[in-house]
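In: could you work out the structure for the sequence below:
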Amino acid sequence: MNPERSLKLCYKSLSKFWNRIMDASGALRFGGFVLNRARGSLQDGRGADLFLRPKSYRVLEALCKRRGQLMSKDALIQEAWPDVFVTDDSLAQCVSEIRRALGSDGAGLVRTVPRRGYMLVADEPANREPVFKKWGPNLWLARAGGLAAAIVMAAVTFWWAQPRDKPTSESAVAASPAEQADALLFARDWRRREDNEQARRLLETVVADAPSDAEAWARLGLTYWLEVQHLSWGGGRREMTRALALVEKSILLGGSAQSHRLLAEMRLLAPFPDMRSPIDALASARAAVAIESGDPDNLVVLAHALALTGHAGDAVRTIERARRLGPYSPAWHRQIAGLSYLLAGKPARAIEEFGPLYGAGTFASARWWPGWLFAASLAQVGRVEEAAMVVHGAQGRRPERSVAAVAHSFVGLSEGPGLDILLDGLRLAGMPD
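Out: Numbers count the residues shown, from 1 in each chain. The predicted structure is shown next:
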C-alpha cells in the first residue's frame, strides 16, 4: 500500500478513536475546537485552553448543545443567567468574548441572526482544505513525529479515562467538599433548590473538620441567604438570622473582601426591617473595598450603601470608578448606577442606565425595584406619558397599586432620603396615593 495512504488511514483511525474518547467525556466538538465540559474550558485543536469568563462559557455550552439551530436571546439568557435579571447587552458581550477566543478562523462559527438570536454552525465549511493536503512531500519525519505524539496522547488519555479503585497520586484525588460546594454555588439555578442544600451539607462537613476556615463559614452563610432571596424556596426569618450569624463569624475569623461584601448585601437587602441597616452595610462595604479595591463588585456594593445613606454624590463617583476598572457592566451594576444618578439629581443619566433594563423586562427581575425608579426618572425629566406607560405595564407583574404600596414594599430606600424623589416621580406619572 502507498505509504502516504497508510499514514492517512492511520491518522483517520486515531482521529475516530480520539473523538470516541472525547465523546465519552462529555466534550462538545465544533470546528477545530473542543468544549471540554469535564474541565469547564474551551480548547483549541492542540488542547490548549482558551480563556472564557464563566457566563461566556455557559452561553457557548448552550449553543454547542443545539448547534445548527437558532437559539433566541431569551433562551440563551435563561441558560446562562437563570436566577438573575440581565439585559441583551450582557449576552452580546459574552458572544463577543466567545468570538475573540475563537480567533479569526473560528469567529464565523457563531452567527448572529438579526433581532432573533444566535446560532453555532453545524458543520465545518465544505471548502476547508484537509490537513493532509497541506503536508509537503518531504515532511515524512514531521508526519511520523506527529503520529507518534498522537499515539502517545491517545494511549495516555485512554489510560486516564479507565476506572480505578484508588487514586494513583494526589492529583487524582476527587475534588474536596469545599470545591464541590463551590461548584454547586457557582452554577446555582433557582429551580434547583437541592443544589443549594447539597452545598450546605458539604460546607457543614468542612466547618466541622476545619472550624477556623473563614471562607467556608461565609459560603455556608450564603446558602441560607439564597434560601431567603429565592421566594419559591421558602426561606424566612430563621434562615436570615442564620445567614447573618454565619457571615459575621467568617469576618471574626478574618474573612475576605467577599465576606464583607456579602454582609453588606444582606444588610442592604434583608426583607426584614429590623435586620436591614444601611449604616452597617456601608461599614462592611468600605471594609471590602479596603481589602480589595480593584474588584468592581466591591465598589458597586459600596455605591449602593452610599446612595441609601444620603451620599448620592459619592455613590456616583464610586460607581464611575467601578466602571473604569473593566469594560463589562452587569445588569445589577446598571441598577445601582441608575439609583445613584437619580438620587444625585441626575434623572437623565438614570434613564440611560434603567432604559435597557426595562426593555428586557425590569419588573420580571428578582431585583424588581429598577422599574419604579425608571418610571420616576422619566417623570422627573418631563417624560410623563412614558412614565405612565411604565407604571401601567407594572400592573400585571407587581402587586403594588398605589404610591403608598410602593413606599411600603421598597427595601432600603425607605430608610434613606431618596424615597421622596421616587414617590414624587410616581405621582407625576399618575399613580394614586
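In: helices of the stretch 201-350 of the chain, start to end?
Out: Here the stretch 201-350 of the chain has its helices, by DSSP state H, counting those that start in this stretch, at 214-229, 237-252, 257-269, 278-291, 296-308, 312-324, 331-343, 347-359.
In: relative to Arg115, which of these is closest?
Out: helix 347-359 (13.1 Å; CB to CB). No exception for glycine: its C-beta is placed from N, CA and C like everyone else's.
In: ok, residues contacting the following helix or strand past that closest one?
Out: Using DSSP states H and E, the helix or strand that follows helix 347-359 in sequence is helix 370-380. Under the criterion CB atoms under 8 Å, 6 or more residues apart in numbering, residues 335, 338-339, 342, 347-348, 350-351, 354-355, 357-358, 362-363, 384, 386-387, 390-391, 394, 398, 400, 406, 410, 421-426, 428-429 lie in contact with helix 370-380.
In: ok, Val316 - how many residues close by?
Out: Residues near Val316, counting by other CB atoms under 10 Å, number 21.
In: so what pLDDT did Arg5 get?
Out: What the model reports as pLDDT for Arg5 is 59.
In: so Thr112 lies in a helix, does it not?
Out: No: per DSSP: H, G, I helix; E, B strand; the rest coil, Thr112 lies outside any helix segment and is strand.
In: and it, how close does it get to Leu76?
Out: From Thr112 over to Leu76 the distance is 12 Å, taken as CB to CB, to the nearest Å.
In: shared neighbours, those two?
Out: Residues touching both Thr112 and Leu76 (CB under 8 Å, 6+ apart) are Tyr118.
In: neighbour-wise, which of these two wins?
Out: The residue with more neighbours, out of Thr112 and Leu76, is Leu76; 22 against 12, by other CB under 10 Å.
In: wait, isn't that one in contact with Gly117?
Out: Yes: using CB atoms under 8 Å, Leu76 is in contact with Gly117, at 6.7 Å.
In: circling back to that earlier point, list only buried entries from the contacts of helix 370-380.
Out: Among the contacts of helix 370-380, those buried by neighbour count (16 or more other CB atoms under 10 Å) are 335, 338-339, 342, 347, 350-351, 354-355, 357-358, 362-363, 384, 386-387, 390-391, 394, 398, 400, 406, 410, 421-423, 425-426, 428-429.
In: how about the secondary structure of Val34?
Out: strand.
In: phi, psi for the residue nearest to it when sequence neighbours are not counted please.
Out: Excluding the flanking residues, the one nearest Val34 by CB to CB, 6 or more residues apart in numbering is Gln43, at 4.7 Å. Here is the backbone geometry of Gln43 (degrees, to the nearest 10): phi -130, psi 150.
In: list the contacts of Gln43.
Out: Counting by CB under 8 Å, 6+ apart, Gln43 touches Phe33, Val34, Leu35, Asn36, Asp49, Leu50.
In: any chance of a PyMOL selection covering the buried ones in those?
Out: Only the buried entries of the contacts of Gln43 go into this PyMOL selection, using 16+ other CB under 10 Å:
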select buried, resi 33+34+35+36+50
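In: report the lowest-confidence entry in the contacts of Gln43.
Out: Asp49 (72).
In: quick one: that residue and Leu42 touch, right?
Out: Yes: if you go by CB under 8 Å, Asp49 and Leu42 touch, sitting 7.1 Å apart.
In: mind picking out the helix or strand in this structure with the poorest mean pLDDT?
Out: One helix or strand of the chain scores below all others by mean pLDDT, DSSP states H and E: helix 140-161, with a mean of 41.
In: got a pLDDT number for the residue nearest to Trp369 when sequence neighbours are not counted?
Out: Nearest non-adjacent residue to Trp369, counting by CB to CB, 6+ apart: Phe410, 6.4 Å away. We have a pLDDT of 73 for Phe410.
In: next one: Ala126
Out: pLDDT for Ala126: 38.
In: repeat that for Ile291.
Out: pLDDT at Ile291 comes out at 90.
In: do the same with Arg29
Out: Here, the pLDDT recorded for Arg29 equals 80.
In: wait, is it part of a strand?
Out: Yes: assignment of Arg29 by three-state DSSP places it within a strand.
In: now Glu292: how far from Ser259?
Out: 11 Å.
In: looking at the two, which one has more neighbours?
Out: For Glu292 versus Ser259, neighbours defined as other CB under 10 Å are more numerous around Ser259 (29 against 16).
In: low-confidence ranges in the stretch 1-150 of the chain?
Out: Along the stretch 1-150 of the chain, the model assigns pLDDT under 70 to residues 1-26, 38-39, 83-87, 104-107, 122-150.
In: now do stretch 226-242: distance from first to last residue.
Out: Stretch 226-242 stretches 12 Å from its first residue to its last (CA to CA, to the nearest Å).
In: mean confidence for that stretch?
Out: Mean per-residue pLDDT for stretch 226-242: 82.
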